[in-house]
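Engineer: Could you work out the structure for the sequence below:
(one chain, ligands or ions: 1)
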Amino acid sequence: DRSQIVNLAAGPSGLPLPVLLEASQGLLNFEGTGIGITEISHRSPEFAKLTKDLAAILRQHLNIPETHEVLFTQGGGCGQFSAVVLNLLARHRLRFPDLKDEDRVMDYVVTGSWSEKAALEARRLGGGVVNIVTDGRSGSANGKNFDSIPPVDTWRLSERPAFIYYCENETVDGVEFDGHSSTEQGATQFPFHLIPPDPSDPTFLAPLVADYSSSFLSRPIPQLERHALIYAGAQKNIGPSGLTIIIVRKDLLVDTVAAAKLGAAPVPTTFDYAVLAKAGSLYHTPPMFSMYVSLLVLRHFATLGGVPYLAKVNAQKAKKVYAAVKEGEAAGVFRPRVKDGSQSFMNVVFEVLGEGAEARFLASAQSAGLRGVKGHRSVGGIRTSLYNAVTLEQVDLLVEFLRGFIKAEA
Ligand code: PMP
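Structural biologist: Presented below is the predicted three-dimensional model:
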C-alpha cells in the first residue's frame, strides 16, 4: 500500500497522488476523446493544446520571458550534455568562422559528478577545448570528494568562452548553489557578476548554460533571463522520465547546417534546438505521457501556491532533515558529506559511522517504509531526496526515524 511508503528516491521519484489518480483516467480516455493519452496522435488538436498549455504554465511558474523559447524533447540530461556542446559550438562557428578549435573554449564549472560528466562529454565531442573553471573536490580533505562550491574568487573563467556551463544541483553529491546553511556564514551563490560579455555580442553575457535536472521548479531560478540555456529532465520534481525541458534564448537557435559548412560538427536533427523550436517541439514524437503528467503536476502545484509555495516548503523540509543529521553528527552517528552553505535542498547526503552501521540503517529504513535512501553507487553512504512531491508530514516521519536511529546507535 503506497500510503505506508515514504519514497525518498533520487529520481525517478514520487509524484503527487491526486495527479496519479487523474492521470490514470487520462490513460484510458484523454480529454473526452475516447482514446488514451498513450494512444492518441501527437498531431491531434487535443495534444497540440496540451503542448501549448504545458509551455504556458511553465512560463507562468518560472516567469520565463519572451526572449526565451520553451522546448520539450527526449534524451534526458545526458542527451543535453551532447546537445549543448554541438549547438553552442555551431553558434560560435557562425560568429567566429576563422578561429582555431583551441580558441573555442568551453568553460565548465565542476561541482559534482554530473557537471564532471558533462565536461567529459564536451572533451569527447571535441571541436573546442574544455577549461575547468573550478573543481569542487579541491577544497575537500582528501581532494576526492565533491563537498562544496569552491569560493568564487578562486574560479578561473576564460576571457572569451564559447559558453559557460554549470549544474545548479548535484544530485549524487548533494552540492547546490545557494545551498542550505545553518550558520550566519551563508551560502555560495552563482557569481553572475563574474561572467564576461558575449564575445560576439556585448549586449549579452557569454552564453550561460545550466543543468537544472534535480532542482527545476523547487524554487525560483535566480537570474533566469541571464541564462542562454536551462534544461532539466522531468523525472525528479515534475513528472515521469522521458521528458526533457529546455529553456533556450532565441539567439541560440542558429542554422547548424550553415555552421557545419564552415567546419563545425554536424548537429543531429533531433538535437538541433532551432529545428525543435521551429516545429513547436513536434519535429518528432515527443514523450507524450510524460508531458501529460507533467502538465497535471504543474496545475496541481499552481493550486497549492506555485513556486513560492514550493520554495518555502522545500526550505522547511531541508532544514528539518539537516538539523537531524547535525544531531547525529554531535552523537558521532552521522557525518554530513557536504559543507554548510553548499548543502542541497533536494538531496541530503551523509554517512553513517561505525562498523556495520550503514547496513543497519538501510535495514531499519526498509522496515520503517522509507525507500530510495541508499547513496549513489559511486559515492556510497545515505541520500534522502526531498523533491516537490515529498510532503512535510513525510519529512517528519524521516526525521523521527533518524532520531530513533541516533538514539539506538549512540
Ligand atoms: N544532470 C543531473 C543533475 C542529474 O541528476 C541527472 C540524472 N540523475 C542527469 C543530469 C542525467 O539525466 P538523465 O538520466 O535524464 O539523462
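Engineer: Give the helix, strand or coil label for residue 46.
Structural biologist: What DSSP: H, G, I helix; E, B strand; the rest coil gives for residue 46 is helix.
Engineer: how many other residues sit next to the nearest residue to it once chain neighbours are set aside?
Structural biologist: Nearest residue to residue 46 in three dimensions, chain neighbours excluded: residue 31, at 4.6 Å (Cβ to Cβ, 6 or more residues apart in numbering). Just so you know, the C-beta spots here come from the backbone N, C-alpha and C atoms, and that holds for glycine as well. Neighbour count for residue 31, taken as other Cβ atoms under 10 Å: 16.
Engineer: how about residue 31, phi and psi?
Structural biologist: As for residue 31, its main-chain torsions (degrees, to the nearest 10) stand at phi 50, psi 40.
Engineer: Give the full set of residues in contact with residue 58.
Structural biologist: Residue 58 sits next to 64, 70, 245, 247, 298 when contact means Cβ atoms under 8 Å, 6 or more residues apart in numbering.
Engineer: Please apply the same query to residue 231.
Structural biologist: Contacts for residue 231 (Cβ under 8 Å, 6+ apart) come out as 77, 80, 84, 209-213, 244-247.
Engineer: got a pLDDT number for residue 182?
Structural biologist: Looking at residue 182, its pLDDT is 87.
Engineer: From the contacts of residue 58, pick the one nearest the ligand.
Structural biologist: Nearest to the ligand among those is residue 245, at 10.9 Å by Cβ to the nearest ligand atom.
Engineer: do the helix or strand hosting the closest one and the ligand meet?
Structural biologist: Secondary-structure assignment from DSSP states H and E places residue 245 in strand 244-249. No. Against the ligand, strand 244-249 shows no contacts by Cβ under 6 Å from any ligand atom, the least distance being 6.8 Å.
Engineer: change the start of the numbering to 15 and stick with it
Structural biologist: With 15 as the first residue, the last one maps to strand 258-263.
Engineer: which other residues reach that strand?
Structural biologist: 72, 76, 78, 81-91, 93-94, 218, 221, 230, 238, 241-248, 252, 287, 290-291.
Engineer: Just the ones of the residues you listed in helices?
Structural biologist: Using DSSP state H, the subset of the contacts of strand 258-263 located in helices is 72, 76, 90-91, 93-94, 287, 290-291.
Engineer: Which residue comes closest to residue 278 once chain neighbours are left out?
Structural biologist: Per Cβ to Cβ, 6+ apart, closest to residue 278 is residue 107, 3.8 Å.
Engineer: whoops, residue 280 was the one
Structural biologist: Among residues not flanking residue 280 along the chain, residue 274 sits closest, at 4.5 Å (Cβ to Cβ, 6+ apart).
Engineer: Same check on residue 25?
Structural biologist: Nearest non-adjacent residue to residue 25, counting by Cβ to Cβ, 6+ apart: residue 250, 4.0 Å away.
Engineer: ditto for residue 133
Structural biologist: residue 122 (3.9 Å).
Engineer: how close does the residue nearest to residue 229 when sequence neighbours are not counted get to residue 145?
Structural biologist: In space, and not counting its chain neighbours, residue 229 is closest to residue 183: 3.7 Å by Cβ to Cβ, 6+ apart. Distance, residue 183 to residue 145, by Cβ to Cβ, to the nearest Å: 22 Å.
Engineer: same check, this time on residue 152
Structural biologist: Note on residue 152: its distance to residue 145, by Cβ to Cβ, is 15 Å.
Engineer: and these two? which has more neighbours close in?
Structural biologist: residue 145 (16 against 13).
Engineer: What separation is there between residue 66 and the ligand?
Structural biologist: Plainly put, residue 66 is 24 Å away from the ligand if you go by Cβ to the nearest ligand atom, to the nearest Å.
Engineer: check which helix or strand covers that residue.
Structural biologist: Secondary structure assignment for residue 66, by DSSP H and E: helix 59-76.
Engineer: Can you pull the residues of the protein lying near the ligand?
Structural biologist: Looking at the ligand, the residues of the chain close enough under Cβ under 6 Å from any ligand atom are 25, 90-92, 128, 181, 185, 225, 227-228, 247.
Engineer: Just the buried residues out of those residues, in PyMOL syntax.
Structural biologist: In PyMOL syntax, the buried subset of the residues of the chain next to the ligand is picked out as below (16 or more other Cβ atoms under 10 Å):
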select buried, resi 25+90+91+128+181+185+225+227+228+247
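Engineer: okay, the residues of the chain next to the ligand in CSV with distance to residue 37 next?
Structural biologist: Listed next are the residues of the chain next to the ligand as CSV, based on distance: Cβ to Cβ, whole Å:
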residue, distance to residue 37
25, 18
90, 21
91, 23
92, 26
128, 28
181, 29
185, 24
225, 27
227, 22
228, 22
247, 18
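Engineer: Name the single longest helix found in this structure.
Structural biologist: Per DSSP H, the chain has its longest helix at helix 320-344.
Engineer: Can you tell me what sits against that one?
Structural biologist: For helix 320-344, using Cβ under 8 Å, 6+ apart, the contacting residues are 74-76, 194, 196, 231-234, 315, 318, 348-350, 357-360, 362, 364, 398, 400, 402, 404, 406, 409-410, 412-413, 416-417, 419-420.
Engineer: in the chain, which helix or strand is least confident?
Structural biologist: strand 215-219 (a mean of 90; mean pLDDT, DSSP states H and E).
Engineer: Direction included, what does that one pair against?
Structural biologist: With DSSP bridges as the test, strand 215-219 is paired with strand 211-212 (antiparallel).
Engineer: Residues in contact with the strand it pairs with: which ones?
Structural biologist: Strand 211-212 is contacted from outside by 218-221, using Cβ under 8 Å, 6+ apart.
Engineer: Please tell me how far the residue lying closest to residue 184 once chain neighbours are set aside sits from residue 358.
Structural biologist: Among residues not flanking residue 184 along the chain, residue 126 sits closest, at 2.7 Å (Cβ to Cβ, 6+ apart). Note on residue 126: its distance to residue 358, by Cβ to Cβ, is 9 Å.
Engineer: list residues touching both of these two?
Structural biologist: Taking Cβ under 8 Å, 6+ apart as the contact rule, residue 126 and residue 358 both touch 184-185, 189.
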